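# dropping the sequence and predicted coords here.
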Amino acid sequence: MLWIIVGIAVIVFLVFLSAFFSCSEMAFVSINRAVVRDKASRGDRRARILDELLQNPDNVISAIVIGNNLVNIFAAIIAGAVATEVFGNIGIGIATFVMLLVVIIFSEVTPKSLGIRNEELALRVARSLSVITKVFHPLVVLVMSVSNFL
């Protein structure tokens, strides 16, 4: 029973993390670069970080997409395991349907509508995006190399 509660808690955490990725992605791609550059030139540290990220947006977006996909996959795996424990073999179908709705509503549509043209949010997540971009850099290089090869 404890493992089921922990599993659900981890799923909730991963859904929030996915929402963060989706919201950040939309804030990043919809930011006004001129405003960011102006704030950076006036000494705003967050704007300077964001301006640096905007120099290579493909890397940032790729890192966000990779992170978002990883957390969604892990959430689905855990949901499948929890649902199978609770409902037996039919649990996979239940988990698939529930996670489909949860991801679409709470990890994609709602966060993206909150993030679009949200300058303050983009500035707030700039440091996190910088860290995420650095952490996923090797994977981003691999994925982009394969993508360019195809």
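Looks like it arrived, so ask away. Treat the numbers as computed from the prediction; the structure is a model and nothing was measured. Numbering: from 1, shown residues only.
# neighbours around V60, how many?
24 (other C-beta atoms under 10 Å). All C-beta spots, glycine's among them, are computed from the backbone N, C-alpha and C.
# try V140
22.
# got a list of what it touches?
59, 62-63, 66, 133 (C-beta atoms under 8 Å, 6 or more residues apart in numbering).
# leaving out sequence neighbours, find the closest residue to the residue sitting nearest the centre point of the chain.
The chain has F21 as the residue nearest its centroid, 2.0 Å off, counting by C-alpha atoms, centre = their mean. Closest residue to F21 apart from its sequence neighbours, by C-beta to C-beta, 6 or more residues apart in numbering: N68 at 3.8 Å.
# secondary structure element holding that neighbour?
helix 57-87 (DSSP states H and E).
# just the CA trace of the worst-scoring helix or strand of the chain on mean pLDDT, in PDB.
The helix or strand of the chain with the poorest confidence is helix 137-149; it has a mean of 91 (mean pLDDT, DSSP states H and E). Provided in PDB are the C-alpha atoms of helix 137-149 (Å, rounded to 0.1, in the frame of the first residue of the first chain):
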ATOM      1  CA  HIS A 137      23.500  19.200 -23.500                       C
ATOM      2  CA  PRO A 138      25.100  15.800 -24.300                       C
ATOM      3  CA  LEU A 139      21.700  14.300 -25.100                       C
ATOM      4  CA  VAL A 140      20.700  17.400 -27.100                       C
ATOM      5  CA  VAL A 141      23.900  17.100 -29.200                       C
ATOM      6  CA  LEU A 142      23.200  13.400 -29.800                       C
ATOM      7  CA  VAL A 143      19.500  14.000 -30.700                       C
ATOM      8  CA  MET A 144      20.300  17.000 -33.000                       C
ATOM      9  CA  SER A 145      23.100  15.000 -34.700                       C
ATOM     10  CA  VAL A 146      20.800  12.100 -35.500                       C
ATOM     11  CA  SER A 147      18.100  14.600 -36.600                       C
ATOM     12  CA  ASN A 148      20.400  16.400 -38.900                       C
ATOM     13  CA  PHE A 149      21.700  13.100 -40.300                       C
END
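# how about it: buried residues?
Using 16 or more other C-beta atoms under 10 Å as the test for burial, helix 137-149 gives V140.
# now swap in stretch 34-42 and tell me
Quick answer for stretch 34-42 (16+ other C-beta under 10 Å): 36, 39-40.
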